[in-house]
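>>> fold the following for me, if possible:
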Amino acid sequence: MLDATNRSGGTATASPRATAAEPGAAVLTAAPVSLTASARCARVLLSPWARLSLLLALLAAAGTCVLLFQPQRLLAHGWPPQLGGFAAVLLFAAAYGVCTVAFVPRPLLNLAAGALFGSGAGLAAALAGTVLGAQIAFGLGRVLGQDALRPLLRGRLLRAADGQLSRHGFRSMLAARLFPGVPFWAANYCAAVSRMGWPAFLLATAVGSVPNTAAYAVAGARAATPTSPAFLVAMACIAVPALAGAVVAWRKRHHLRAR
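The predicted structure is shown next:
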């Protein structure tokens, strides 16, 4: 409402109610700008390359922790005496899974499992840790790395390997676990980038890892008597699949190149 001066032709002045509404209008106009900036920031943080960078940072941190804490010292110093029984087996299995994600070689961990807990409990702990570590690596690769890495599968060999894992996931992963020619971590992340399903991956890992893991666990349990029949049989079970895996990989190399 205008006062008497305004009605007589003077300069119009806004009422207090109109003046009080102006700051609210400024807030309303600034809100969409703030929401837009937040949306852009969220898109950047959730982009495929940002997630891949996070995955690489996590793996680098895990590898650094392994170098600092040196889990291989378990073979020399043994398990802490205050930890024993079933709880120790569970704790070792959890540590086993985390160490495989951090690129600690599984043969070393399998030998430690057999040396610390014997053949039976060592095999159980190593298998549980194997499946746990594979699941963690597969989940990290699938969530953080697949969207960024799949567009890079342009080479003939990469496309052939991706097609084999995507179409014949269980069979391909079972062969990779049975024949120790492919590093454990490499098989995990290759499977994560492909379109292989979770059930096929985990089942193939659990079944295919039994023979090799059992051989290393028995070898670790019998390491004090290297001339015993059990130790010699275990070493033969390690060497024969390795040789067979090398032969199969050599033959598959020509098959993949021909595609």
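
>>> so what's residue 112 scoring on pLDDT?
According to the prediction, residue 112 has pLDDT 89.

>>> count of residues packed around it?
29 (other Cβ atoms under 10 Å). In this view, the C-beta of every residue, glycine as well, is placed from N, C-alpha and C.

>>> helices of this protein, start to end?
4-7, 16-45, 48-69, 74-77, 85-101, 106-140, 146-149, 156-167, 169-178, 184-193, 198-208, 210-221, 229-257 (DSSP state H).

>>> what helices or strands is the third one leaning on?
Helices and strands in packing contact with helix 48-69 are listed as helix 85-101, helix 146-149; criterion 3 or more Cβ pairs under 8 Å, 6 or more residues apart in numbering; DSSP states H and E.

>>> that older thread, worst average pLDDT in the helices of the chain?
helix 4-7 has the lowest average pLDDT among the helices of the chain, namely a mean of 46.

>>> before we move on, the earlier item: turn the helices and strands packed on helix 48-69 into a markdown table, including mean neighbour count and distance to residue 180.
Below are the helices and strands packed on helix 48-69 laid out as a markdown table (neighbours: other Cβ atoms under 10 Å; distance: least, Cβ to Cβ, whole Å):
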| stretch | mean neighbour count | distance to residue 180 |
| --- | --- | --- |
| helix 85-101 | 18 | 14 |
| helix 146-149 | 18 | 25 |
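
>>> residue 126 is nearest to which of those?
Closest to residue 126 of those is helix 85-101 (Cβ to Cβ; 6.4 Å).

>>> now that closest one and helix 106-140, what's the angle there?
70 degrees (axes from the mean of the first three to the mean of the last three Cα atoms, to 10 degrees).

>>> alpha carbons of helix 85-101, as PDB, please.
Extracted in PDB, the C-alpha atoms of helix 85-101 (Å, rounded to 0.1, in the frame of the first residue of the first chain):
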ATOM      1  CA  GLY A  85      41.000 -73.300  18.600                       C
ATOM      2  CA  PHE A  86      38.100 -72.500  16.200                       C
ATOM      3  CA  ALA A  87      38.400 -68.800  16.700                       C
ATOM      4  CA  ALA A  88      42.000 -68.900  15.500                       C
ATOM      5  CA  VAL A  89      40.900 -70.700  12.300                       C
ATOM      6  CA  LEU A  90      38.200 -68.100  11.700                       C
ATOM      7  CA  LEU A  91      40.600 -65.200  12.200                       C
ATOM      8  CA  PHE A  92      43.100 -66.800   9.900                       C
ATOM      9  CA  ALA A  93      40.500 -67.300   7.200                       C
ATOM     10  CA  ALA A  94      39.500 -63.600   7.500                       C
ATOM     11  CA  ALA A  95      43.100 -62.500   7.300                       C
ATOM     12  CA  TYR A  96      43.700 -64.900   4.400                       C
ATOM     13  CA  GLY A  97      40.900 -63.200   2.400                       C
ATOM     14  CA  VAL A  98      42.200 -59.700   3.000                       C
ATOM     15  CA  CYS A  99      45.700 -60.700   2.100                       C
ATOM     16  CA  THR A 100      44.700 -62.200  -1.200                       C
ATOM     17  CA  VAL A 101      43.000 -58.900  -2.100                       C
END
